[in-house]
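Novice: Give me the fold of what follows.
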Amino acid sequence: MEAVAPISKRPSCILWSEIEKWTPESVLLRFGKLPEGWRLLPVGAFAAQLENKEKVKPESEYRMAGVRWYGEGVFHRETVVGKEQSANYLYPLKPGAIIYNRLFAWKESFAVVPVELDGFYVSNEFPQFEIDEAIALPKYIYLLFNTKKIIGAVKAASIGSAAISRNRFKESDFLGFKVPIPPLPIQQKIVAHWEAAQTKANDLLAQAEQLPDELEKQVLGALGLKKKKKIAMPKVMVTNWAELTKWNQRATYLWGQTPDLSKGIYPVVSGRECIAEVKHGCSASPSSKSTTLQVLKLSAVTSGQFRPSEAKFIADKKQYRENFDLCKGDILMCRTNGTLAYVGRPAILDKDYPELIFPDKLMRVRCKANVLPEYLEYILSSSIARPQLEANARTAVGNHAIGNEDVLNVELPLPPISEQEKLIKIIQEARSKSGHAREEAMSLKSIAEKEIEKMILGTRPVEAH
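Specialist: You can find the predicted model right below:
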């Protein structure tokens, strides 16, 4: 449960003219002296709630939308048939309107409805407001309501049960908030500053997204292989009997995405020829008290990078340390998960971790002398092994799982150690470049967010930007 931030550490006073009712958010919505030409206006002075509801027709299909947290915008959630809806009425989205999630407004779930979602619908938990653009720009209001100051007031205004996850931000409170509204040219500059920062950050993220594909082409090329073009899974497919691994369309499709290893320049081996051990983790329960030993969470691996901080305390026993120890060069793999893309996801350890052990939902892989851990870890995450692992994953109670044999049976090219070392250098350089691009993008977004808030509060000159 996320606690509401304290409103004030000391008594504060507020002018009677500044409030319409005695509420905690009244203090949070106090602003200093605004720049000349700016106005402090209630949202209701320039926003009107849309009441464009439509009666649900049982046989009609409705593309339902939602609003992501942390200012991430509106998205297509699902498509449903009217008779599957409990609501009698739905609300069509209106492009350009401000929308928010009443239940999670405190998680910065304010957005502008994009043009591409025209024709989609939402429930009454997602109120929409048409903005008078002679007074305010929708994108400015979106930025305004995702600032830390305003979100603090939204948290204070949200009402509901004791659990904050059930608190709702009422439309009347939204319309009653008094917020700083600069002249339109200033709003345009603030929005332009934000858009420029977003464009630059998104370009960096796009570069980071492209690097893994470029890297794989380079690695496969060095192995004498070609990356197959991804295609959508067909409804009907024809394959040779010898290519069937099991009676499963997805399995056969995934095998078809694996590069033809026989055309490579290095010998193809099974995992058991280069893997010394595949071991399941510890199934002991975590401890409610702090101890000297911790067991990893599944999230320590599923990102594709090892995150040692994702762990919880466990009783410190000798057999745990001896049987489930973690050393430099160990590869941890997700053994079972509800998301197939996580199953078999590997992460390599860069050093010994004497105070950590791994849980039953992970498996530890250790290499023989003929393969370098960094090379094997990359192959296990590439289009060489991923289709093989996913194709052999079994399902039970909503989860997907692989076993030791699935890892040991993976086929992979095995170049000499000297060639593996060259490939590892290429892999590490590309990953470092991708990581730096992501970090720079996140830094740009963070800096822009802070600058925008200062501009909106009138404490940072807008003209300088």
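Novice: contacts and neighbour counts: CA atoms only from here.
Specialist: Will do.
Novice: per-domain residue ranges of the protein.
Specialist: Structural domains annotated on the chain: 22-181, 186-223+417-465, 228-414, as defined by automatic domain parsing.
Novice: how about the ones you listed in CSV, adding mean neighbour count?
Specialist: Output for the domains of the chain, formatted as CSV (neighbours: other C-alpha atoms under 10 Å):
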stretch, mean neighbour count
domain 22-181, 18
domain 186-223+417-465, 17
domain 228-414, 17
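Novice: Adding mean pLDDT as columns, could you present these in TSV?
Specialist: Formatted as TSV, the domains of the chain follow (pLDDT from 0 to 100):
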stretch	mean pLDDT
domain 22-181	89
domain 186-223+417-465	90
domain 228-414	87
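Novice: wait, Lys53 sits on Tyr89?
Specialist: Yes. Lys53 lies in contact with Tyr89 (C-alpha atoms under 8 Å); the separation is 6.0 Å.
Novice: can I assume Ile379 sits in a helix?
Specialist: Yes. Counting by DSSP: H, G, I helix; E, B strand; the rest coil, Ile379 is part of a helix.
Novice: Show the contacting residues for it.
Specialist: 385, 412 (C-alpha atoms under 8 Å, 6 or more residues apart in numbering).
Novice: roughly how far apart are it and Pro413?
Specialist: According to C-alpha to C-alpha, to the nearest Å, Ile379 stands 9 Å off from Pro413.
Novice: try Pro95
Specialist: Look at Pro95 and Pro413: by C-alpha to C-alpha, they are 52 Å apart.
Novice: same thing with Ser446?
Specialist: In terms of C-alpha to C-alpha, Ser446 sits 43 Å off from Pro413.
Novice: now swap in Ser270 and tell me
Specialist: 9 Å.
Novice: now the helices: where do they sit in the stretch 301-450 of the chain?
Specialist: 318-323, 373-381, 386-391, 404-408, 417-456 (DSSP state H, counting those that start in this stretch).
Novice: Can you show me the CA trace of the shortest one as CSV?
Specialist: Listed next in CSV are the C-alpha coordinates belonging to helix 404-408 (Å, rounded to 0.1, in the frame of the first residue of the first chain):
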residue,chain,number,x,y,z
ASN,A,404,16.9,-29.6,-17.3
GLU,A,405,16.6,-31.7,-20.4
ASP,A,406,15.2,-28.9,-22.4
VAL,A,407,18.4,-26.8,-21.7
LEU,A,408,20.7,-29.8,-22.2
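Novice: And the contacts of that helix?
Specialist: Contact partners of helix 404-408, identified using C-alpha under 8 Å, 6+ apart, comprise 270-272, 275, 278-279, 389, 392.
Novice: Now render these as JSON lines, adding distance to Phe46.
Specialist: Output for these, formatted as JSON lines (distance: C-alpha to C-alpha, whole Å):
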{"residue": "Ser270", "distance to Phe46": "67"}
{"residue": "Gly271", "distance to Phe46": "65"}
{"residue": "Arg272", "distance to Phe46": "68"}
{"residue": "Ile275", "distance to Phe46": "66"}
{"residue": "Val278", "distance to Phe46": "63"}
{"residue": "Lys279", "distance to Phe46": "63"}
{"residue": "Leu389", "distance to Phe46": "56"}
{"residue": "Asn392", "distance to Phe46": "58"}
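Novice: Just give me the closest of those residues to Ala136.
Specialist: Leu389 (53.3 Å; C-alpha to C-alpha).
Novice: Am I right that the closest one is in contact with Ile402?
Specialist: Yes. Leu389 is within contact range of Ile402, at 7.3 Å (criterion: C-alpha under 8 Å).
Novice: Spell out which residues are contacts of both of those two.
Specialist: In terms of C-alpha under 8 Å, 6+ apart, Leu389 and Ile402 are both contacted by the residues 343-344.
Novice: And the helices of the stretch 301-450 of the chain: which comes nearest Leu137?
Specialist: Per C-alpha to C-alpha, nearest to Leu137 of these: helix 417-456, 12.8 Å.
Novice: tell me the contacts of the residue nearest to Lys83 when sequence neighbours are not counted?
Specialist: Spatially, and ignoring its direct neighbours in sequence, Lys83 is nearest to Pro58 (4.2 Å; C-alpha to C-alpha, 6 or more residues apart in numbering). Counting by C-alpha under 8 Å, 6+ apart, Pro58 touches 81-84.
Novice: picking up where we left off before, mind listing which of the contacts of helix 404-408 are in strands?
Specialist: Counting by DSSP state E, those place 270, 275, 278-279 in strands.
Novice: Show me which of the residues you listed is closest to Gln294.
Specialist: Once C-alpha to C-alpha is applied, the member of the ones in strands among the contacts of helix 404-408 that ends up nearest Gln294 is Lys279, at 18.2 Å.
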